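Peer 1: What would the 3D arrangement of this be:
(2 chains)
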Amino acid sequence: MTNIIDLTLVELVNKIKKKEISSKEITKAYVDRCKKSKKLNTFITDDFDNALKKADKFDKKPDFNKKLPGIPIAVKDLFCTKDLKTTAGSKILSNFIPSYESTVTQNLWNEGSILLGKLNCDEFAMGSSNETSFFGNVQSPIGKGLVPGGSSGGSASALSAKLTPVTVGTDTGGSIRQPASFTGTVGLKPTYGSCSRYGIVAFASSLDQAGPMTRNVKDCALLFEVISSYDNKDSTSVNFKRANYSNKLNKSIKGKKIGIPKEYRAEGMSKEIDELWQRGINIVKESGAEILDISLPNTKYALPAYYIVAPAEASSNLARYDGVKYGFRSPGENLIDMYEKTRSEGFGDEVKRRIMIGTYVLSSGYYDAYYLKAQKVRQLIKNDFDEVYKKVDAILTPSTPTSAFTIGEKTNDPVSMYLNDIFTVPINLAGLPAISIPAGLDSKGYPLGLQIIGKAFDEQNIFNIAYSMEEKINFKNEIKSWWM
Amino acid sequence: MTIDLKTIKHISKLSRISVDDEKAKKLEADLNSIFLFIEKLNELETKNVEPLTSIAETTLQLRKDEIKTHNIREQVLKNSPDKNKDFFVVPKVVE
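Peer 2: Prediction:
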């Protein structure tokens, strides 16, 4: 029999439903493996004992009508979990125990899933390498000394090391797609408004979306249909009819119009990335899709606009961390002194940098020059997409400008770190869905991903294109177990 | 435009994050390189563009104004770094 940990989510669900395997067997297999994974530093908090108990309970009274019956899953530590520590990778929340559950995780438990633990991430999801976490950087299983990407780095590392069958991350500027690309896994940033933001530690509210990270496209579609829901606890949640995406998967993409934006062939794109992109183009062409050259003229302004909008929203969202009602506190001579010391000691350097950028661009006299300007640029970027979607059904681009880099390589230069998200950020600004799928290896043997961008709420279409490409690419994620 | 040390100290006050001189110097360098990058936006003419304020294509929903009781006072207070009975404690504010 195949090893339990090698089975996909869909296979696990089928085997459980056919009673060929128990929840306890699956959960134990994962817990045993997780316990040997300390070197990767993927977990901030584990809930292994509880998970085994819940699996036992499920097996005694199984409900096979659930979509994820008795399936264990670890999630990014940005989702509030009732009665279980939720840190957002920050010292300031290092002792925070939520009294409520995020809607996305509640949806998982409602469908029969079981929490394995909380996965490491960049502090408040601010980072592209998982090096800003208060709980230490995460190691990628792909290679010693490599970053897993970020901010959902613990999720990507745990997923590719098979410490969880699937996982859930969040994506504000690329935080699901970039780590998925770095670790040879699949990651979806859904349309803004698909997944509730309730109970997710807020970073930039107009950009944040939760999304599935999985080993293949079918698992991704299944997990997305579980976590996506209309929620009146999130004022930006959109009430639309959610589909059974996984049942409706269709490999036939004949006649689909797929756009190739010339602006993504940015200055200095490496030959490897360019070739990977061309291979992707050839693959969809062979499947009968029509390729159209398109232009998204304001692409180069997306990242600068993002670095106004995201820090501005972050500086407002993070104003709540004052050391009074919850979280870390540093004593001070008076109230103001206490606030300033608490925030100075409780936040890490990257978070402080972004709070200060945000405070500056929102401060008196600078609002119009920066924040208002960025919102106008955001409109132009959205207009670009609206215009091309009159002609095409989806857009194909690389997910990242490079493969995974080494730990410490980019920590001293914030701008070079930010450039990681050059291909992913425009999608968040426009609120669109995009999926990253593994598409090949570079000369060093590190995974590279391709990104398929869809129209708003057209996840089914990008799942189908990804599903069709996945079969032809036939990517095998060979992870060695040097870290065990 | 450049951000000087005085501005860094001012932003530090506004954001309630104390910054020592060494950190302030590092921030000065970082923020200047980030703003150099951000100011690429000035190339764009945006006079007649409406700012995008919300990406969600929905109008805000109204809900009934009703009292919900969660009975989580204990749990909420448990997270407080300093409390006295049912109150959060902070350094003395009124002399």
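Peer 1: Residue 27 - nearest residue in space that isn't next to it in sequence?
Peer 2: Just going to use chain A. With sequence-adjacent residues excluded and distances taken as CB to CB, 6 or more residues apart in numbering or on different chains, residue A:27 is closest to residue A:55, at 3.9 Å. Placement of C-beta: from N, CA and C, glycine included.
Peer 1: Actually, chain B is the one I wanted.
Peer 2: Nearest one to residue B:27, counting by CB to CB, 6+ apart, is residue B:8 at 5.3 Å.
Peer 1: picking up where we left off before, pLDDT score assigned to the residue nearest to residue A:27?
Peer 2: pLDDT, residue A:55: 98.
Peer 1: Can you pull the phi/psi pair for it?
Peer 2: Per-residue torsions, residue A:55: phi -60, psi -40 (degrees, to the nearest 10).
Peer 1: What is the burial count for it?
Peer 2: 23 (other CB atoms under 10 Å in any protein chain shown).
Peer 1: Surely residue A:30 and residue A:5 touch.
Peer 2: Yes. Counting by CB atoms under 8 Å, residue A:30 touches residue A:5, with 6.6 Å between them.
Peer 1: who has more neighbours, these two?
Peer 2: residue A:30 (27 against 16).
Peer 1: List the contacts of that one.
Peer 2: A:4-5, A:72, A:116, A:163-165 (CB atoms under 8 Å, 6 or more residues apart in numbering or on different chains).
Peer 1: residue contacts, the closest residue to residue A:208 other than its chain neighbours?
Peer 2: With CB to CB, 6+ apart as the criterion, residue A:208 has its nearest non-adjacent residue at 5.1 Å, and that residue is residue A:172. By CB under 8 Å, 6+ apart, the contact set of residue A:172 is A:125, A:151, A:203-204, A:207-209, A:310, A:428.
Peer 1: What of residue A:85?
Peer 2: Applying CB under 8 Å, 6+ apart, we find residue A:85 in contact with A:44-45, A:95-97, A:118.
Peer 1: Stretch A:291-300 spans what distance, first to last residue?
Peer 2: 23 Å (CA to CA, to the nearest Å).
Peer 1: Quick check: buried residues in it?
Peer 2: Buried residues in stretch A:291-300, defined by neighbour count with 16 or more other CB atoms under 10 Å in any protein chain shown: A:291, A:294, A:296, A:298-300.
Peer 1: which element is residue A:439 on?
Peer 2: strand A:434-441 (DSSP states H and E).
Peer 1: so what strands line up beside that strand?
Peer 2: Sheet pairing for strand A:434-441, assigned by DSSP bridges, gives strand A:186-189 (antiparallel), strand A:447-454 (antiparallel).
Peer 1: neighbouring contacts of it?
Peer 2: By CB under 8 Å, 6+ apart, strand A:434-441 touches A:176-178, A:180-181, A:184-189, A:217, A:220, A:276, A:279-280, A:399, A:424, A:427, A:447-454, A:462-463, A:466, A:469-470, A:473, A:475, A:477.
Peer 1: One more: stretch A:367-380?
Peer 2: Contacts for stretch A:367-380 (CB under 8 Å, 6+ apart): A:298, A:301-302, A:304-305, A:308-309, A:312, A:360-362, A:429-430, B:38, B:41, B:44, B:46, B:49-53.
Peer 1: let's go with 6 Å and repeat that
Peer 2: A:298, A:301, A:305, A:308-309, A:312, A:361-362, A:429, B:41, B:46, B:49-52 (CB atoms under 6 Å, 6 or more residues apart in numbering or on different chains).
Peer 1: Next: stretch B:63-72.
Peer 2: If you take CB under 6 Å, 6+ apart as the criterion, stretch B:63-72 is touched by residue A:99.
Peer 1: same thing but at 8 Å, please
Peer 2: By CB under 8 Å, 6+ apart, stretch B:63-72 touches A:99-100, A:232.
Peer 1: try stretch A:32-51
Peer 2: A:5, A:27, A:31, A:72, A:74, A:77, A:84-85, A:87, A:89, A:114-120, A:133, A:135-141, A:154, A:157-158, A:161-164, A:483-484.
Peer 1: What subset of the residues you listed is buried?
Peer 2: Buried subset of those (neighbour count, 16+ other CB under 10 Å): A:5, A:27, A:31, A:72, A:74, A:77, A:84-85, A:87, A:89, A:114-120, A:133, A:135, A:137-141, A:154, A:157-158, A:161-164, A:483.
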